[in-house]
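Participant: got a predicted model here, sequence first, then my questions.
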2 protein chains.
Amino acid sequence: MQVIEGGVTAAKGFEAAATAAKIKYQDRTDMALIYSVKPCKTAGTFTTNIVQAAPVKWDKEIVRSGQKSQAVIVNSGIANACTGEEGISYCRETAREAASALGIDEKGVLVGSTGVIGMQLPIDRIKAGVQALAKEKKADAESGSEAAEAIMTTDTVKKEAAVTFEIGGKTVTIGGMSKGSGMIHPNMCTMLAFITTDAKISKKALQAALSSDVEDTYNMISVDGDTSTNDTVLLLANGMADNKKIRIGTPEFEKFKEALHYVNETLAKKMAGDGEGATALFEAKIIGAGTKNQAKILAKSIVCSNLTKAAIAGHDANWGRILCAMGYSGAEFDPEKVDLYFESAAGKLKIIENGTAVDYSEEKATEILSQPEVTAIADIKEGGETASAWGCDLTHEYISINADYRS
Amino acid sequence: MQVIEGGVTAAKGFEAAATAAKIKYQDRTDMALIYSVKPCKTAGTFTTNIVQAAPVKWDKEIVRSGQKSQAVIVNSGIANACTGEEGISYCRETAREAASALGIDEKGVLVGSTGVIGMQLPIDRIKAGVQALAKEKKADAESGSEAAEAIMTTDTVKKEAAVTFEIGGKTVTIGGMSKGSGMIHPNMCTMLAFITTDAKISKKALQAALSSDVEDTYNMISVDGDTSTNDTVLLLANGMADNKKIRIGTPEFEKFKEALHYVNETLAKKMAGDGEGATALFEAKIIGAGTKNQAKILAKSIVCSNLTKAAIAGHDANWGRILCAMGYSGAEFDPEKVDLYFESAAGKLKIIENGTAVDYSEEKATEILSQPEVTAIADIKEGGETASAWGCDLTHEYISINADYRS
């Protein structure tokens, strides 16, 4: 597997475009198109929130029906959530406009929205945007990047990843883009991720690979504990790599999963590190766990703790908050066996051993915690399982962004 | 039932004192004593966090053994959590010192600690503090208030409540004090609450009344979603009101529960309103629920949402975040039936009807949300059950307090 530059246009046959439709933002692009020259097998995972945005309902129906898709229209600024029948009708109108402009089937058009909940989309501006996107789509890396920029809301950087690997002499590519960065607590999430691949793969294998990997990647990040109404991950495969068809249970499936995992984990970590107001990517890693599930519950509880996140913002080795968050996670463990370390580019330091503090240097701890990527490692000494979760620090800027987001 | 001024010294036979022991704070009182002239039947509820502070372990043993207690020694500044065997030995030494100074049984001394996790108590200063407290204890309201002040950490105001009611011509009093104000997400919590009563009541009735009421009061507040290692509520009854003994299933028990509920709910709301950095008490009230449990889960999910809390800080009627928090709560409901209102001293305003926005005045909404006590009311139109949860807004000050709490 090889990591390459690029995003949704990295795989063969995929094109993208971005346009400024003035949906809510007035001075930037706010609509994106992903288009495949051939219809794609499509897998998806969606928010578990009972309140589901109109585009979630729309895409779920397409993915579950087994229909092939050929285009995704995404807008930022307005989430099209809590918008009733009117909201659903706008998904349909968007899909129709795209189908006609691109010359494809209306049922092959997926839609995605992110932004403020409860406002209706300005459908005329959406339709004009669709027309502009259809004209401007291109297969180059720049067009993919422009699409990744157009779907940002409070994100500060665009998020892309891509890899290639070989199957029987054929090069297969997986590329993707995603956006955060508030209301992020994916339980397959306002996160959106769009992954494209030219792999030839069965629909069943495509959905199986995505569903299992989402558990270890997007579902292991949290910015603020709020599971959005719009979370969507879509994976489109157009088969143009012309590889031997990938099926579940084969070595090729394992290769595909490994490559997909890299793209998903990379995008997930980029979302966590670019959480609203964040100055650091914060990873919690549990080692020595008895079961994978126990390790995941403990790791996620740590990155979700407001107090721990505020301590990270302050570069303060307030390890008691970490042990506390493990304690209320719901997972069983013996607090009196826990060793805890902080690690970053500035080094690694043992902070507690068997549940109580060792004589560590606060100065060194602060140095380690002042890096842009910081890891807390807890060894619970029960077995050989490990898990990581990713979050970010909780800062003044998060409050500034969210105390007045709508205006 | 009559609400009266006062706190832990309101009930007959209870005395209190405060002293400055310089445990961590250098310029204020930081130890408190509650003392009863007669041994008390004692009920308690404690944190469900797996990581439990030494004083939690100490008190649990006393409460569960059924022993009578006669004194509570509380310190602020250091939580005596994650302190291993050394931490437990300091509970024992504190109890011994108090027993000898007060001339009571060592097993009748409860202890409470709140503050930084992981630091060891300076036991010599604790012992000197105990000696000072034993000398200064008094039955007056001022001594109760001084005790309530001494147990504060990041709290900005002391928290007391007291009521009286009659049983067969005898006046029974219940009074209490509590402290917040970060790491507050009680599941039976760094919250501490101490309630005293002169009621004559069976031990079984005392614990039953406390255990059930905690579910509707302390366990329905949240400041930051972090369930502490130290949460403790203790209820001491010395029987000096000389009423007919209260037993479970009697009308007198119902009267006692009503009075206890007032004290607990008042202290719980004071903790929520005085959450770290908070400028407003935020209540979420679910009405029209099918079951009480459903109503409680939905209400608590709203007050725990960082995004909702940040919107309250900004006086922004961002109702989508409230519906979103209800949606990921885990409770079932139909989002398309929900009506939502904001209410405060400035009025009441319907914001959404059947899941989508009505044409409300943003100006009026902002006026309502600018009050120091704000309520969001969601009618889910399924039945007649209701529940309230209490939290606070999430502000810059919360970050400032917690990014550097230890220094």
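Facilitator: Perfect, I can see it now.
Participant: does whichever residue of the stretch 201-350 of chain A sits closest to chain B count as helix, strand or coil?
Facilitator: Residue nearest to chain B within the stretch 201-350 of chain A: A:Gly320 (2.5 Å; Cβ to the nearest Cβ). (Glycine included, C-beta is placed from N, CA and C.) Using DSSP: H, G, I helix; E, B strand; the rest coil, the structure places A:Gly320 in helix.
Participant: where in chain A is pLDDT low?
Facilitator: A:182-190, A:223, A:225-227, A:404-407 (pLDDT under 70).
Participant: can you show me the helices along chain A?
Facilitator: A:54-65, A:84-102, A:123-136, A:141-150, A:203-216, A:251-273, A:292-304, A:306-313, A:319-327, A:362-369, A:396-403 (DSSP state H).
Participant: closest one to B:Glu265 among the ones you listed?
Facilitator: Of all these, it is helix A:306-313 that lies closest to B:Glu265, at 24.5 Å by Cβ to Cβ.
Participant: name the helices or strands packed onto the closest one?
Facilitator: If you count contacts as 3 or more Cβ pairs under 8 Å, 6 or more residues apart in numbering or on different chains; DSSP states H and E, helix A:306-313 packs onto helix A:319-327, strand A:385-392, helix B:396-402.
Participant: how much space separates A:Gln52 from B:Gly288?
Facilitator: 22 Å (Cβ to Cβ, to the nearest Å).
Participant: contacting residues around the residue positioned nearest the centre of chain A?
Facilitator: Taking Cα atoms, centre = their mean, the centroid of chain A lies closest to A:Ala268, which sits 4.3 Å from it. Contact partners of A:Ala268, counting by Cβ atoms under 8 Å, 6 or more residues apart in numbering or on different chains, are A:Ser178, A:Thr217, A:Tyr218, A:Met220, A:Ile221, A:Trp390.
Participant: returning to that earlier point: so the residue of the stretch 201-350 of chain A closest to chain B makes contact with B:Val116?
Facilitator: Yes - between A:Gly320 and B:Val116 there is a contact under Cβ atoms under 8 Å: 6.8 Å.
Participant: of those two, who's got more company?
Facilitator: Shown here are A:Gly320 and B:Val116; by other Cβ atoms under 10 Å in any protein chain shown, A:Gly320 has more neighbours (25 against 18).
Participant: related to what we said a few turns ago, how many neighbours does the residue found closest to the residue of the stretch 201-350 of chain A closest to chain B once you drop the neighbours it is linked to in the chain have?
Facilitator: Using Cβ to Cβ, 6 or more residues apart in numbering or on different chains and skipping residues adjacent in sequence, the residue nearest A:Gly320 is B:Ile117, 2.5 Å away. B:Ile117 has 27 neighbouring residues, counting by other Cβ under 10 Å.
Participant: which residue lies farthest from the center of chain A?
Facilitator: Per Cα atoms, centre = their mean, the most distant residue from the centre of chain A is A:Asp359 (38.9 Å).
Participant: could you check how far that one is from A:Ile351?
Facilitator: 10 Å.
Participant: now do the residue nearest to A:Gly320 against B:Ser181, distance only.
Facilitator: Per Cβ to Cβ, B:Ile117 is found 16 Å from B:Ser181.
Participant: same thing with A:Asn238?
Facilitator: 56 Å.
Participant: over to A:Thr375?
Facilitator: 30 Å.
Participant: A:Leu369 now?
Facilitator: 25 Å.
Participant: between these two, who's got more neighbours?
Facilitator: Shown here are A:Leu369 and B:Ser181; by other Cβ under 10 Å, B:Ser181 has more neighbours (28 against 24).
Participant: identify the residues contacting that one.
Facilitator: B:Thr153, B:Thr154, B:Asp155, B:Thr156, B:Val223, B:Met271, B:Asp274, B:Gly275, B:Glu276, B:Ala278.
Participant: apply 7 Å and report the result again.
Facilitator: Neighbour list for B:Ser181: B:Thr154, B:Asp155, B:Val223, B:Met271, B:Asp274, B:Gly275, B:Glu276 [criterion: Cβ atoms under 7 Å, 6 or more residues apart in numbering or on different chains].
Participant: which positions in the stretch 1-150 of chain A make contact with chain B?
Facilitator: A:Asn49, A:Ile50, A:Val51, A:Ala81, A:Cys82, A:Thr83, A:Gly84, A:Val116, A:Ile117, A:Gly118 (Cβ under 7 Å from any Cβ of the partner chain).
Participant: do that again at 8 Å, thanks
Facilitator: A:48-52, A:79, A:81-84, A:86, A:116-118 (Cβ under 8 Å from any Cβ of the partner chain).
Participant: check contacts around A:Gly118.
Facilitator: Going by Cβ under 8 Å, 6+ apart, the list of residues near A:Gly118 reads A:Ala81, A:Cys82, A:Thr83, B:Trp319, B:Gly320, B:Leu323, B:Ile352, B:Thr356, B:Ala357.
Participant: ok, the residue nearest to the fourth one when sequence neighbours are not counted - how many residues close by?
Facilitator: If I follow you right, that is B:Trp319. Counting by Cβ to Cβ, 6+ apart, B:Trp319 lies nearest to B:Ile351, which is 4.9 Å off, once chain neighbours are set aside. Using other Cβ under 10 Å, the number of residues around B:Ile351 comes to 23.
Participant: gap between the nearest residue in space to A:Lys348 that is not next to it in sequence and A:Arg321?
Facilitator: Spatially, and ignoring its direct neighbours in sequence, A:Lys348 is nearest to A:Tyr341 (5.8 Å; Cβ to Cβ, 6+ apart). Going from A:Tyr341 to A:Arg321 by Cβ to Cβ gives 15 Å.
Participant: related to what we said a few turns ago, shared neighbours of A:Gly320 and B:Val116, which are they?
Facilitator: Common neighbours of A:Gly320 and B:Val116, counting by Cβ under 8 Å, 6+ apart, are B:Ala79.
Participant: rewinding a little: can I get the helices and strands packed on helix A:306-313 in a markdown table with distance to A:Lys57?
Facilitator: Listed next are the helices and strands packed on helix A:306-313 as a markdown table, based on distance: least, Cβ to Cβ, whole Å:
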| stretch | distance to A:Lys57 |
| --- | --- |
| helix A:319-327 | 35 |
| strand A:385-392 | 29 |
| helix B:396-402 | 36 |
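Participant: deepest of those, which one?
Facilitator: helix A:319-327 (a mean of 27; mean count of other Cβ atoms under 10 Å in any protein chain shown).
Participant: just give the closest residue to A:Ile78, not the sequence neighbours.
Facilitator: A:Gly115 (4.5 Å).
Participant: in the sheet, who's paired with that neighbour?
Facilitator: The partner list for A:Gly115 in beta bridges (DSSP bridges) reads A:Gly77.
Participant: for it, the count of nearby residues, please.
Facilitator: 24.
Participant: in the lengthiest strand in chain A, what's buried?
Facilitator: Longest strand of chain A, by residue count under DSSP state E: strand A:31-46. By 16 or more other Cβ atoms under 10 Å in any protein chain shown, the buried positions in strand A:31-46 come out as A:31-36, A:39-46.
Participant: need the residues you listed in JSON lines with distance to A:Ser143, can you?
Facilitator: Formatted as JSON lines, the buried residues of strand A:31-46 follow (distance: Cβ to Cβ, whole Å):
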{"residue": "A:Met31", "distance to A:Ser143": "13"}
{"residue": "A:Ala32", "distance to A:Ser143": "10"}
{"residue": "A:Leu33", "distance to A:Ser143": "9"}
{"residue": "A:Ile34", "distance to A:Ser143": "10"}
{"residue": "A:Tyr35", "distance to A:Ser143": "10"}
{"residue": "A:Ser36", "distance to A:Ser143": "13"}
{"residue": "A:Pro39", "distance to A:Ser143": "20"}
{"residue": "A:Cys40", "distance to A:Ser143": "18"}
{"residue": "A:Lys41", "distance to A:Ser143": "23"}
{"residue": "A:Thr42", "distance to A:Ser143": "21"}
{"residue": "A:Ala43", "distance to A:Ser143": "23"}
{"residue": "A:Gly44", "distance to A:Ser143": "23"}
{"residue": "A:Thr45", "distance to A:Ser143": "26"}
{"residue": "A:Phe46", "distance to A:Ser143": "26"}
